[in-house]
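**Q** Structure for this input, please:
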Amino acid sequence: MKEPVGHDGDRFVKELPERFNELGSFIREQRSSARLSLRRLSELAGISNPDASPIVAIGQAFIDATPEWLKSFAIRTFGSHDKAALLVAILLGVKAYTAFKASTDQWTDWHERLIENYLPFTVLVFVAVAIGGSVQIIPTLLVNREKNIEGRLQEIYTPLELAGRDLFVSEGCYNCHSQMIRTLVPDVMRYGRAGIADDYSHLGESLFDHPYQWGSKRTGPDLAREGGTLAKDAKGANYKYMRVGKRGNDWHFNHFLNPRAPSPGSNMPAFPWLIDQETDVKALPNKIAVQARLGVPWPALSQDQITDMVETQSQEIANSLVAAKVYLPAKPELQGDALRNHLAKSQVVAVIAYLQKLGTYREIKKDHPAEPSTLDPDSHRKPATVK
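**A** Next up, the predicted model:
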């Protein structure tokens, strides 16, 4: 005789609240264990470097404790034998899988005991973070950057161009405009310069960008070759800072004011507030100090020198805009010197300065290939030896 249908289902429904309570208790236990592990990691990090974050401090401590022979071995092994390393990793993975399947109950019991005791769990988390961090951080610090710039080294921004770059990022311009010409032939043909071989983006062209503005998502055109050389005045002499690239300063000004005027059909929004708001010059000394800590070779500049550089470059660009007879619909009464002084302080001039600098670099030529050498990440902080 068949069992009546529905008894098991009724019992399952009645037990649901109890099962959910058990699941909630389990999740709370895991969350508490994870918090405790993170707290232990933070304490370990504070011992080695109280000012750094846990991940940075642990990674730095691990790097400092790594012997030189081990660093060299990692570069030699994983730098030129990546396929062999991948094969070994696959074999170890297969071995671990077979060992787990052979004794599932033992592994389950071990895992249950592990999550009940925070100390071994914390140690294993630390080991996993250290291994994962060392695999990514050590090769990055030891790689020969001089060789990887591929013959081109980015020109350092002026203070005004740095301010313009921060405005470019804060306004979200990078969402529509990439700064990376890929090695694809169509990319080079469309955005590269005529007569220049291999005019795709090289690593050295954005070496000092923090963060970089790469990418391939383009609602608007790529800007990697937007900038140009120093402009010349009416006498044929170079300006001190002002550059002109593919398009003139007045074109960029009108493009921010009304994108459809110089570029019919453009779906870019207007940015009229850039013309009304002033550039934050007072923040530049701190920004430059941060850039120097990140490794950008800024020269020593006082606050007065920074202000003078900003004033000179902004006046050069503002003069060119007045000469091109730009017009402010919101302030038609501004003309001549009043218009120039207003524009010189505006954010739009800073962004124009940045755009006219994009893609500028100097050629780095070597008489012979660079010899492999380790990189000391703190070398730029050490004072030069006077002979």
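**Q** Quick check: residue 240 is in a helix.
**A** No: under the criterion used here (DSSP: H, G, I helix; E, B strand; the rest coil), residue 240 is strand, not part of a helix.
**Q** count of neighbours near it?
**A** 11 (other Cβ atoms under 10 Å). Just so you know, the C-beta spots here come from the backbone N, C-alpha and C atoms, and that holds for glycine as well.
**Q** any idea how far it lies from residue 246?
**A** Distance of residue 240 to residue 246, computed by Cβ to Cβ, to the nearest Å: 22 Å.
**Q** Helix, strand, or coil at residue 231?
**A** Following three-state DSSP, residue 231 is assigned to strand.
**Q** for it, what are its contacts?
**A** Contact analysis of residue 231 by Cβ atoms under 8 Å, 6 or more residues apart in numbering lists 238, 239, 242, 243, 244, 320.
**Q** Pull out the buried residues from those.
**A** Among the contacts of residue 231, the ones that count as buried by 16 or more other Cβ atoms under 10 Å are 239, 242, 243, 244, 320.
**Q** so how far is residue 360 from residue 208?
**A** 12 Å.
**Q** brain fart, residue 254
**A** 23 Å.
**Q** can you give me how far stretch 208-228 is from the chain middle?
**A** What separates the centre of stretch 208-228 from the centre of its chain is 12 Å, taken as Cα atoms, centre = their mean, to the nearest Å.
**Q** can you tell me the average pLDDT over that stretch?
**A** What stretch 208-228 shows for mean pLDDT is 89.
**Q** quick one: what helix or strand has the closest residue in space to residue 279 that isn't next to it in sequence in it?
**A** Counting by Cβ to Cβ, 6 or more residues apart in numbering, residue 350 is the residue found nearest to residue 279 once chain neighbours are left out, at 4.6 Å. If you go by DSSP states H and E, residue 350 is part of helix 347-355.
**Q** Adjacent strands (with direction) for the very next helix or strand once past that helix?
**A** Going down the chain from helix 347-355, the next helix or strand is strand 361-363, by DSSP H and E. Using DSSP bridges, strand 361-363 pairs in its sheet with strand 152-154 (antiparallel).
**Q** Residue 208 and residue 360 - which one has more neighbours?
**A** Between residue 208 and residue 360, counting by other Cβ under 10 Å, residue 360 is the more crowded of the two (21 against 18).
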